[in-house]
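>>> sequence first, then the predicted structure, then my questions.
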Amino acid sequence: MIRALTAFFAGGLFGAGLLVSGMTDTQKVQGWLDIFGDWDPTLAFVMGGAILPMAVAWNIAARRARAVLGNDLPEKSGSEVDRNLVVGSLMFGAGWGLVGLCPGPAVASISWGGTGGVVFLVAMLAGMLVAPAFRARMNRMATALS
């Protein structure tokens, strides 16, 4: 029960932070990405406010055997830059730049994002469902060709 309440609180805090910071405002996000036009640098503070605490948290977590609530800590992900990472990053960046939303803010803005927000969220979820099957098919094709 305590884990569920902690997750609920953390998710609510995250969503509130996205709203307060302007990350759910697609115009603000696109202004951040428009470095050669009417650039809005304010989201740099949002990113710094996310990256710095996480760097500290990962540093502390590296020295612990278990999480504060008792569950196992996730294993450290690999640092290998492969095709999947590059393609996924390009797709994420293109979607973020074109629409001005990424997964967290898309979910946070679902209640007021209108039909455009709903369409984005449905398309994003469909992509998440289709991507593993597409990747497996591409890997089978590559194996068959070699």
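Everything's here; your move.

>>> if I look at the residue most central in space within the chain, how far off is Met128?
In the chain, the C-alpha nearest the mean C-alpha coordinate belongs to Pro103, at 5.2 Å (Cα atoms, centre = their mean). As for Pro103, its distance to Met128 is 9 Å (criterion: Cβ to Cβ, to the nearest Å). Using the backbone N, CA and C atoms, a C-beta is placed for each residue, glycine as well.

>>> Leu121 now?
Where Met128 is concerned, Leu121 sits at a distance of 11 Å (Cβ to Cβ).

>>> not counting its neighbours along the chain, what's nearest the residue nearest to the centre of the chain?
Closest residue to Pro103 in three dimensions, ignoring its sequence neighbours and counting by Cβ to Cβ, 6 or more residues apart in numbering: Met124, at 6.3 Å.

>>> that neighbour: which element?
Taking DSSP states H and E as the criterion, Met124 maps to helix 114-145.

>>> returning to that earlier point: now the residue nearest to the centre of the chain. Its backbone dihedrals?
Main-chain dihedrals, Pro103, degrees, to the nearest 10: phi -50, psi -50.
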